[in-house]
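Participant: please find the sequence and the predicted model below.
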Number of protein chains: 4
Amino acid sequence: MKTFHTQERIRFMDTDAAGRIHFMFAFRFLEIGEEEAMRALGFPSTGIGTVQALDLPRVHAECDYLAPLFYDDVIDIATRCERVGEHSITWGFEITRDQTVCIRGRVVVAVVDRQTGKAAPVPQQWRTLLEEE
Amino acid sequence: MKTFHTQERIRFMDTDAAGRIHFMFAFRFLEIGEEEAMRALGFPSTGIGTVQALDLPRVHAECDYLAPLFYDDVIDIATRCERVGEHSITWGFEITRDQTVCIRGRVVVAVVDRQTGKAAPVPQQWRTLLEEE
Amino acid sequence: MKTFHTQERIRFMDTDAAGRIHFMFAFRFLEIGEEEAMRALGFPSTGIGTVQALDLPRVHAECDYLAPLFYDDVIDIATRCERVGEHSITWGFEITRDQTVCIRGRVVVAVVDRQTGKAAPVPQQWRTLLEEE
Amino acid sequence: MKTFHTQERIRFMDTDAAGRIHFMFAFRFLEIGEEEAMRALGFPSTGIGTVQALDLPRVHAECDYLAPLFYDDVIDIATRCERVGEHSITWGFEITRDQTVCIRGRVVVAVVDRQTGKAAPVPQQWRTLLEEE
C-alpha cells in the first residue's frame, strides 16, 4: 500500500521540562498523519472519528521513541495503511527528522455502526481505496 | 458570591522546555475550577459546554501570569462567579501555590439556545444558585 | 507594523464534546502565529521561551471567541506586533476561516534576564525588527 | 510488585467531537499513575523525566481502548511496575470506571546518564523500591 508524507513542526507547547517533545504529543502527529492520508485517499471529510454512519474509535495506539525531537524541529510523518481487517484498519507511522527515524507508531481503528454500537465490516469502497497501490 | 477551592497538581505534560508550566495549560485549571464550582453549586452535570437545552460556549478567556509554576507544584484554584449578566456568566480565578498568587484568570460564558443558536437568558434558577451568598 | 499570515488546520484533538474547537486550544494557534512571525522577522530560533540570554515568559494571554471553529477547518492566523514596550512585547492575532473572524487574541511577552530573573530592556535590534514596516 | 491507585476525573478538554475521551489524552492518565506510584514509593520528586543525574525518557508507550470514557467520568488508575530491566523500567496501567476496565496501558522508561546520554543501569536503590512487595 501507498505511503503518504506530511510535514509538521514541533511547537513549544509540545515540549516538556526535559527539553524535548513530551511523549504524549507524538500521538498528535499520528493523528495528523492519518487524517492527511485519508484526505489524500479521497475519504469524505466528516471527522476522523465519524465517517458517514460509522464511528471510527481507536482501539490501540502505540509509539516507540528512538531519538528525541526538539522545539522547532521540522518532521516528516510517513503514514501507511498496514492492514485492512474485517472490522478494523491498522495504520503505521514513521516520524523522521532529516534522515533519522525518531518515532515509530501504530494505530488500530475499529469500524463501528453508530446506531447499534457494534462492530461493522469495513465498507468495500474503503477497502479498495486503502489497499490500492 | 461564594468562592470555591479546588486542589490540583502540575503534571509533567503541563510544562515546556523553559522548565515551567506552559501558558496554555493554565486554562485547563480554569476549566477545572469552573467545573468544580458548578458541581458544588448543584448544577446538573451533563457537560460544561452543554447543560439541559442550552449551550455554554466560552466567549472570552484570559490569564495574567504573575509567578511561574513548576512541575509537581500543588496549586489551589479559587473560583468565584463575578457576574451574572443577561445572557452570560463571568467567572474569576486565582491560582496560588503556598500563599503566592501565580495566575489570575477570567472566563466569560455565553448562554445559547441549542435549537436556534441564539443568545438565551440565564435561567432564573441558575441566577439564584450563582448569586447566593 | 507588518502583519504575518500562517495557515493551519483544526485537528480532531483540538475539538471537544460540544463538537467545536475547545477554547484552550485556540492558544496553540496564537503560539504558532507568534513563532512564525518571529521566524519571518529573522529572530534566532532557539525557542519561543528563550532567545539568547533572555527568557520570554508570557505575562498575559487572552482570546475573544466570535464564531465557532470545527474539525478540519482551515484557518488563517494573522499576527501583528502591536506594541514594543520598555520590557515587553505585545502581539495581536486574528484567526479567520474564509472571510469570517472567529477568534481575536492578544499575548504580552515579558523580556527577562535569565541570570538575574529580572525585567530586561527589549534589545534595540529586536525593536528595530519588530517596529519596521 | 505492588499496585497503586489514583483517582482522576475526565475533563471537558480531554474529550473530542465524537463525544468521548480523545485517545491521546489517555496517556495523560498513564503519566499521572506513574508519577503517583513513584511518589508513593518514595522516589525523590525532581521531575518524572529527570531524577538525580539520570534522565528517564519514555521509549515505548501504548494503550488498548476497551470501552469509551466520557466527560465527568471518575476513573481509577491502577499502576504497577511490571518489570525492572537492566536499563529500563516497565509500568502497566488499568483505567477503570466503576468495575469496567476501559483502558489498558504500558510505558517503558529508559534510564540514561545525563552527562553521557548513554544507557545507565537502574540504581540498586530503585530496584529495591520497585521490586518490593
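Facilitator: That came through fine. Bear in mind the structure is a predicted one, so any value in this text is a computation, not a measurement.
Participant: what parts of chain A come near chain B?
Facilitator: Within chain A, the positions lying close to chain B (CB under 8 Å from any CB of the partner chain) are A:12-13, A:15-20, A:22, A:24-25, A:70-71. Glycine gets a C-beta too; all of them are placed from N, C-alpha and C.
Participant: please redo it, this time with the cut-off set to 6 Å
Facilitator: A:12, A:13, A:15, A:16, A:17, A:19, A:22, A:24, A:71 (CB under 6 Å from any CB of the partner chain).
Participant: so what's the residue count around the closest residue in space to the fourth one that isn't next to it in sequence?
Facilitator: In space, and not counting its chain neighbours, residue A:16 is closest to residue A:22: 4.0 Å by CB to CB, 6 or more residues apart in numbering or on different chains. Residue A:22 sits with 26 neighbouring residues when counted by other CB atoms under 10 Å in any protein chain shown.
Participant: where does residue A:22 land on pLDDT?
Facilitator: pLDDT, residue A:22: 97.
Participant: contacting residues around residue A:75?
Facilitator: By CB atoms under 6 Å, 6 or more residues apart in numbering or on different chains, the contact list for residue A:75 reads A:8, A:95, A:97.
Participant: who's in contact with the last one?
Facilitator: Contacts for residue A:97 were tallied using CB under 6 Å, 6+ apart; they are A:73, A:75.
Participant: quick check: it vs residue A:31, distance?
Facilitator: 19 Å (CB to CB, to the nearest Å).
Participant: C-terminal to the worst-scoring helix or strand of chain A on mean pLDDT, what's the next element?
Facilitator: Ranked by mean pLDDT, DSSP states H and E, the helix or strand of chain A with the weakest confidence is strand A:50-51, at a mean of 60. Per DSSP states H and E, strand A:50-51 leads on to strand A:54-55 as the next helix or strand towards the C-terminus.
Participant: where does chain A dip in pLDDT?
Facilitator: A:44-52, A:133 (pLDDT under 70).
Participant: dihedrals phi and psi, the most centrally placed residue in it?
Facilitator: For chain A, residue A:34 is the residue whose C-alpha lies nearest the centre (CA atoms, centre = their mean; 3.3 Å). With angles defined as degrees, to the nearest 10, residue A:34 sits at phi -70, psi -40.
Participant: so who does it touch?
Facilitator: If a contact means CB under 6 Å, 6+ apart, then residue A:34 has residue A:91 as its contacts.
Participant: assess the claim that residue A:103 and residue A:28 are in contact.
Facilitator: No - counting by CB atoms under 6 Å, residue A:103 sits too far from residue A:28 to count as a contact (11.3 Å).
Participant: now the residue of chain A positioned farthest from its centre, nearest residue through space, not along the chain?
Facilitator: The centre of chain A is farthest from one residue, residue A:17, which by CA atoms, centre = their mean lies 26.2 Å away. Spatial nearest neighbour of residue A:17, excluding adjacent residues (CB to CB, 6+ apart): residue B:15 at 3.9 Å.
Participant: where exactly do the strands run in chain A?
Facilitator: Taking DSSP state E to define them, one finds strands in chain A at A:3-9, A:50-51, A:54-55, A:58-65, A:74-84, A:88-97, A:100-110, A:112-113.
Participant: would you give the sheet partners of the fourth one, along with the direction of each?
Facilitator: Applying DSSP bridges to the sheet, strand A:58-65 is found paired with strand A:100-110 (antiparallel), strand D:58-65 (antiparallel).
Participant: can you show me the CA trace of the last one as PDB?
Facilitator: Only the C-alpha atoms of strand D:58-65 are listed here, as PDB (Å, rounded to 0.1, in the frame of the first residue of the first chain):
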ATOM      1  CA  ARG D  58       9.900   7.100  27.600                       C
ATOM      2  CA  VAL D  59      11.000   4.600  24.900                       C
ATOM      3  CA  HIS D  60       7.600   3.000  24.400                       C
ATOM      4  CA  ALA D  61       4.000   3.900  25.300                       C
ATOM      5  CA  GLU D  62       0.800   2.100  24.300                       C
ATOM      6  CA  CYS D  63      -2.900   1.900  25.100                       C
ATOM      7  CA  ASP D  64      -5.600  -0.500  24.400                       C
ATOM      8  CA  TYR D  65      -9.100   1.100  24.400                       C
END
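Participant: circling back: neighbour count winner among residue A:103 and residue A:28?
Facilitator: Neighbour count, other CB under 10 Å: between residue A:103 and residue A:28, residue A:103 has more, with 24 against 19.
Participant: what sits closest to the more buried one if chain neighbours are left out?
Facilitator: residue A:95 (4.1 Å).
Participant: ok, that neighbour - contacts?
Facilitator: Shown in contact with residue A:95 (CB under 6 Å, 6+ apart): A:29, A:75, A:77, A:102, A:103.
Participant: burial count for the third one?
Facilitator: Residue A:77 has 23 neighbours, counted by other CB under 10 Å.
Participant: setting aside sequence neighbours, what's the nearest residue to it?
Facilitator: With CB to CB, 6+ apart, the residue lying closest to residue A:77 is residue A:33, at 3.9 Å.
Participant: so in terms of bridging, what pairs with the nearest residue to residue A:7 once chain neighbours are set aside?
Facilitator: Spatially, and ignoring its direct neighbours in sequence, residue A:7 is nearest to residue A:76 (5.8 Å; CB to CB, 6+ apart). Note on residue A:76: beta-bridge partners by DSSP bridges are residue A:7, residue A:96.
Participant: next one: residue A:76 from chain D, what distance?
Facilitator: Distance, residue A:76 to chain D, by CB to the nearest CB, to the nearest Å: 20 Å.
Participant: one more: residue A:74?
Facilitator: Taking CB to the nearest CB, one finds residue A:74 at 21 Å from chain D.
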